[in-house]
Structure formats: C-alpha cells, structure tokens
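Visitor: Return atomic coordinates for the entry below.
(one chain, ligands or ions: 1)
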Amino acid sequence: MAKKPIAPKTTALNNSAKIENLKPHTADATNQKMTTDHGVGINDDQNSLKAGDRGATLLEDFILREKITHFDHERIPERVVHARGSGAHGVFKLYKPIPELTKAQFLNDTEIETPVFVRFSTVAGSRGSTDLARDVRGFAVKFYTQEGNFDLVGNNMPVFFIQDAMKFPDLVHAVKPEPDNEMPQAASAHDTFWDFISLMPESTHMIMWAMSDRALPRSYRMMEGFGVHTFRFINDKGESNFVKFHWKPLLGVHSVAWDEAQNISGKDPDFHRRDLWEAIQSGNFPEWEFGVQIVAAADEHKFDFDLLDPTKLIPEELVPVQRIGKLTLNRNTDNFFAETEQVAFHVGHVVPGIDFTNDPLMQGRLFSYTDTQLIRLGGPNFHEIPINRPVVPVHNNQRDGFMRQTINVGKASYNPNTTGNNDPAQVKAADGGFVSHNERIDARKIRARSKSFFDHFSQARLFYNSQSEAEKNHIVDALRFELGKVKTIAIREKMIGRLTQVDNGLASKVAAALGLAVPKQELEPINHSIPADGNPADYQPIEVDSKLKVSEALSMANTIKDNIKTRKIAILAADGVNDKSVNDVKKALMAAGATVEIIAPKLGNILTDKNAAIAADESLLTVASVFYDAVYVPGGKKSVATIATEPDAIHFLNEAFKHCKAIAIDADAQAVVDATYFAAAAKEDGIIIEGDVKKLGDQFIKAIAQHRFWDREKARKVPA
Ligand code: HDE
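Guide: Here you go, the predicted structure:
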C-alpha cells in the first residue's frame, strides 16, 4: 500500500525565482500600440499596400512581408520522440535534508522552494496526435536550483525496451508510423514495432508495462514517474551511493479502459492536456512525492540483476522508496510554444551531488539530448531561451552562434587570460564546482553486452504475476489487440513464443484470440540481436530464479483509493429535477473535493421542481461519459421521464457501466435504470440506487474513490 504522505511545513507556494527570471522576457499587449518587429507603429493591419484599389500588391510593403515571413517560419521541427506534450510550472519542497547521501543543495535545505518546469508527453505520436494513445508517458522535470539546472528526464514506467543506446534509433523507427505509408499514427499496433520486439528478448519486461493499464493513464496527475536508470548520489566526502528516482502521485495511480481511451481519442484528443490545465487553473494543484531508493556502493552486486541494466527495476520489497520531498504544479504556461515547446531537457543536466552511472542506455542519452536540441532549436544558444535559463548567473567563454542573446562585455573570451583578470574564475569543489565521481575504471575497450544483462524474463514474470486479475486480463486484451493488428503471421507466432517465457496462460489466452497454437518452445534461437561474428550460443537469455515472486507496488490495484479529490462527476438532469436530490448530492460531492457538472438535454437553464434555475454546464451533445469518472441521475418526475427517454442519456449511462464506473441513481429514477442495458445488473458493486440522498451521497463517494469496478468485466460481460 502507498504510504501516507509526510506533512511538509506549510509555506506559501511560490516559484518566484523562475517567475522573476522569466519576467524580462514576457510581453503583455494590454493597452499597447501595435508595431512591427522593429518598433514602427502599424496604421493598417487589415490591408496590404496595392497599386490602386484593385491593383497588384507592392513588394515595397515591408509590413506585409514581415508578417508573412514570420508566419512562414513559425514552425520548428517537432521532437523526434515525445513530440506531443504538455507543460506546467511548479515548486519542489524538501521534507528532510539528506547530507549523508548527497551534497546537492536543493536536497539539503527544507527552506528552499526550488522552481520547476515539468513536461509530460506521449512518445510515438506527432505533436497533434491524441493524448490517449497506448504509449509510455514522458515525465520530464527541470529543477531550477541555486546550483544550476537539474533535469530528471523520466518516464511513467520504471524500465525501458532496450539495454543499449545503440538500439534506440531502431526501436523508434520500428514504433513510428511505417515509412512507406506513414501509418499508423501514435500506435504500436503494427508490423514493424512487433517485428522488432519479437526479435529483442530484452524488451519483454517493458512490453508487459506497455501492454498494461499504465499505458492508458486517467490523468497526468495520476501517474507515477521514474528516472529509470540507476544514478549516483555523491556526498560532500565524495562518497557515492546508487539511487533510483521516483515520483509518487498523491491522487494515486489510475488508468482508463482501452475502449474508453479510443473513445476519448476521437472526442477530445487533448484530454490529458485539458485535465492538467483545468486542474491547475482551478487551484487543484497536482502533487507528487519525490522518492529515492538507495543502494550502498558496497551492495552493487547483491541483486540477481544488474543495477546498470535499464530493463530492470529494484523491487520496493528489496529497497523501500524513501519519500524525501514534494513537487507541486501550481502555474500554467503563459505561452505554449515559448515554454512547453522550447523547453530543452537533458539527462546530462546534473548538479553537484548527482552523477551518472555506466548504464549503457544512459550513456547514449548523455550525447543525444544536446545534439537533438541543436537542430530542433536552431543552434547552440538554446540555453538562453527564457524557459531554459537557470535562475543563477551564467558565465563562461562560450561565444557567438545563431541567435546569441547575451552581450558579453570585455576582451577576454578565453581562459587563462590576463586581459580580464582570469575571470570568470573556476569554482572549487568546496564552493560548488562540479567534480565527476572518481570511479575507478580499468578495462579493455570492447563492443559487447555484459552477461549480467542476459536475464530478460524474470522481472517480466514478476510484473505479470503482481497484477490483479483485471490487470492481467487487460494485458491479455492489449496483446490480442496489438498482435491482431499485425499482418505478418510469423511475427505473431514469434511473439506468442516469447510470451510463453513470461507465462503460459498469458501466451495461450493471446494465442486463442489470434487463432494460433502455442508453440512448445521458441521456434528459433531466441536472441536475434547478435553481432556479425557472434556465436548465437553466447547470446541466449539466461534464466534467473528470483526469490521475489510478487511485488505489491507493481499493481495499481494497491494504489490510494481513499478520496475523490478532483474527480469529475456528471449529473444527468432535465426540467423538473428534484431540487434536493440534485443539490444535496452535488454539494456532498463538491465538499469531498470533486468537480461536478450538470448535463442536460440542451444548454441554458433547467428549472427544478421548486422552480429554481440551475445552469447546465454541458449538454448531452457536447460531452460523453468518457470525460467523467462517475455519473448520477437525480429524482424528479419530469426530469426522470425526459432522461429515461433520451437516447444520448441512456447511452451515457450504458457506457459508464461498460467502463466500470460508479453510477448513482435516486430511487425515484428507477425508470432510467430500466431503460439501460444494465437494469438486471443494477445490484452490482458501484451501482447505487437509493432514496435517501444523504445515504446515496455517502455511498457514491466511497464508490467513486474505488475508481473502477473491474469485476463487471468478468465473464466478458462488458468489453472494457
Ligand atoms: Fe529520451 N529522448 N532517449 N528517453 N526522452 C528525447 O530529446 C533518447 C529514454 C525522455 O519533454 C529526445 O529533446 C535516447 C529513456 C523524455 O522534452 C531525444 C535514448 C527515457 C523525453 C531522446 C532515450 C527517456 C525524451 C527527443 C536511449 C526515460 C521528452 C527530443 C539511449 C528515462 C523530454 C528531445 C521533453 C526526449 C533520446 C531513452 C525519456 C532524441 C537516444 C530511457 C521524457 O534526444
């Protein structure tokens, strides 16, 4: 079970250091005159300059040319991966100093509020693709510390598909739309992806995560974050401990159903972006606790997996996650492009007290991020873009280049120098100069994979075995869907063979839906990623019999389920709705922290049975049940009669049932239940039919907190 958060000292949240830092670059046109980019007042922004009333446009028109030219150059290349994202500002506050582990100042002073900028993303889709694609989510955090920027560029899953950076371009080429026809968009359900995966046994653990509900978050606010790689903490004595970073959402970890995800993708591709924006806008600031798993340097080899292998996690049962601080997102961006699009994260942005390991995936990333920013942001000065600037001064001898903003004074742009008093001066380690950990290296130069990376299945099994029944079924369904979309039968077969390495039951359930038999064993030697001169026998996966068979922390069934804060609840009502039935329940839900919307057959006001006007927030045409966590139908004769005969309202309820959501119905509205397809199942968990609105409210709140009633899927009654 997730631990209760440790209460931090309450101080007013402010991101002032970064807000001040952004201010000089912020433009507000309120009460300002319109000018060209060069400051000349514009008299007519409606018409181009022409030779006569009906004449040709003149080349002389510098105002038109400037406007069109700027427009022509508005787009920059999208990120090659993680193109679709949403960002927000916030603060990080430490709970307790950890000097024995790290000298990083922001992890040693509980008084400091470190400003942060966070960008969440999907991986495979283009900038305009849907938020609800089945995909990994990026969780990138830029800490603007007093010792420079620290970027924790993580994901919502703790492991990765591959072990070596060498394979990253192959992985991304395989998952992106296929090169001949640019299909499918933002989806892994196609031949090239599964072809690659079927040939890469090391991807098996990550595939379990990617096919699980973790790939369909209910909200960015309700997902975990992981640094994935093992990092190092360095204390002021120069001692190193290994560390894995975690973000634990205080709202718990929750997902939507696959059918729901596909629906949302059509109805609101911005679903996660909107959810994040609206939560922050309405003061429901998303919060995560910052967790660390620490492994002493001396214990590096005590596990049955290699700490440097990014396809492995450290089970929380073996090394508990210590929660050391809290991240709060409290401010939306002023300008999406300037901030979210131009922000440049890099695994290599670390501060003294944090260092890298030899994880071969991480090592490759250390090269990739600056390289990609150079082309994406157009040159070497992207660190001067306001969102990327640290909140501390920057001085060095880097000079010039496209779009240089800084006007460096003086003659010296080299070191050592006498013309500038040898400034800027190097910084002693004791004063905060970065010193790399003096790891001892004594090795031959080789191009190879460590044998300690060859167990590809035990943690895939651990993950699968740790899932609840419903979660396992969802993995089966996801694999049936994804492999069902694969056209090449041999790829499907190879994947079924692979799944037998995880669980025979899983393999046979997936195989059944594909009309395939489960092979007795792998058809061919399993590892195809072998160098030209390699001997296949040397590259076969090894079997490790891990002592730990189940890890509770890996199942979302064990997440926080004790509140309904920020949940979105729909009330279906029409004219004549019972005043008490609608208002008392609405009040109770709101008092518990939920957001409630009245949905009526049309927009405008509805009148209660006491003739009081209630504004409809939405109409049945503008929304759908997939936008809400739960639905309530109040009493009131006329309203009930309208809702019971309104096809969109009944569809709304049927869909909420299908997606296993909490449904509450005033006993007076039995006619509405009778019109649904779940009338016969109305006694199930999560369906409350009650005449006493106080009781109804209490039961409904408890039910919504459960998030979903996956039992409804049993016996495949509903295809969620
Ligand atoms: Fe990234 N990754 N990545 N990645 N990654 C990028 O950088 C790369 C990996 C992650 O919101 C790119 O600025 C390589 C793991 C996030 O702006 C690029 C390898 C993890 C984001 C790049 C990896 C990540 C990126 C594309 C394997 C989780 C979005 C645009 C060696 C720990 C950051 C850009 C944002 C973005 C390269 C693997 C997370 C091309 C070569 C593992 C969250 O540089």
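
Visitor: List, one by one, the residues from the stretch 51-200 of the chain near the ligand.
Guide: 79-82, 85, 119, 121, 138, 140, 153-155, 160, 165, 168 (C-beta under 6 Å from any ligand atom). (Each C-beta comes from the backbone N, C-alpha and C, glycine too.)

Visitor: Keep only those of those that are in helices.
Guide: Phe168 (DSSP state H).

Visitor: Check the residues of the stretch 51-200 of the chain next to the ligand for burial and list the buried ones.
Guide: Buried residues within these, defined by neighbour count using 16 or more other C-beta atoms under 10 Å: 79, 81-82, 85, 119, 121, 138, 140, 153-155, 160, 165, 168.

Visitor: show me what contacts the residue of the chain found nearest the ligand?
Guide: In the chain, the residue that lies nearest the ligand is Gly138 (2.8 Å; C-beta to the nearest ligand atom). Going by C-beta atoms under 8 Å, 6 or more residues apart in numbering, Gly138 touches His82, Gly85, Arg119, Phe120, Ser121, Thr122, Val123, Val153, Gly154, Asn155, Asn156.

Visitor: State whether Gln342 and Glu384 are indeed in contact, as I suppose.
Guide: No - counting by C-beta atoms under 8 Å, Gln342 does not reach Glu384; the two are 10.7 Å apart.

Visitor: In terms of neighbours, single out the busier of the two.
Guide: Neighbour totals were compared for Gln342 and Glu384, and Gln342 leads with 19 against 15 (other C-beta atoms under 10 Å).

Visitor: Can you tell me, leaving aside adjacent residues, what's nearest to that one?
Guide: Distances taken as C-beta to C-beta, 6 or more residues apart in numbering put Ile385 closest to Gln342, at 4.9 Å, once the chain neighbours are dropped.

Visitor: Mind checking which of the buried ones among the residues of the stretch 51-200 of the chain next to the ligand are in strands?
Guide: Gly85, Arg119, Ser121, Gly138, Ala140, Val153, Gly154, Asn155 (DSSP state E).

Visitor: From what I see, the first one and Val118 are in contact.
Guide: No - under the criterion of C-beta under 8 Å, Gly85 makes no contact with Val118, lying 9.8 Å away.

Visitor: shared neighbours, the two?
Guide: Common contact partners of Gly85 and Val118 (C-beta under 8 Å, 6+ apart): none.

Visitor: For Thr275, what is the enclosing helix or strand?
Guide: In this structure residue 275 is Asp, not Thr. Assessed by DSSP states H and E, Asp275 sits inside helix 271-281.

Visitor: which residues are in contact with the helix or strand following that helix?
Guide: Per DSSP H and E, the first helix or strand lying C-terminal to helix 271-281 is strand 287-296. Strand 287-296 is contacted from outside by 5, 92, 98, 101, 225, 230, 233, 241-251, 307, 314, 316, 319-329, using C-beta under 8 Å, 6+ apart.

Visitor: what do you get for stretch 258-267?
Guide: Against stretch 258-267 from outside (C-beta under 8 Å, 6+ apart): 130-134, 216, 256, 271, 474, 477-478, 481, 624, 626-627, 655, 658-659, 719-720.

Visitor: What is the burial count for Pro201?
Guide: Pro201 has 24 neighbours, counted by other C-beta under 10 Å.

Visitor: which residues does it contact?
Guide: With contacts defined as C-beta under 8 Å, 6+ apart, Pro201 is in contact with His456, Phe457, Arg498, Gln501, Ile526, Asn527, Pro541.

Visitor: wait, Ala570 sits on Glu655?
Guide: No - counting by C-beta under 8 Å, Ala570 does not reach Glu655; the two are 11.0 Å apart.

Visitor: between those two, what contacts are shared?
Guide: Between them, Ala570 and Glu655 share these contacting residues under C-beta under 8 Å, 6+ apart: Ser625.

Visitor: neighbour count winner among the two?
Guide: Comparing Ala570 with Glu655 by other C-beta under 10 Å, the one with more neighbours is Ala570, at 27 against 20.

Visitor: how about that one, secondary structure?
Guide: When classified by DSSP: H, G, I helix; E, B strand; the rest coil, Ala570 comes out as strand.
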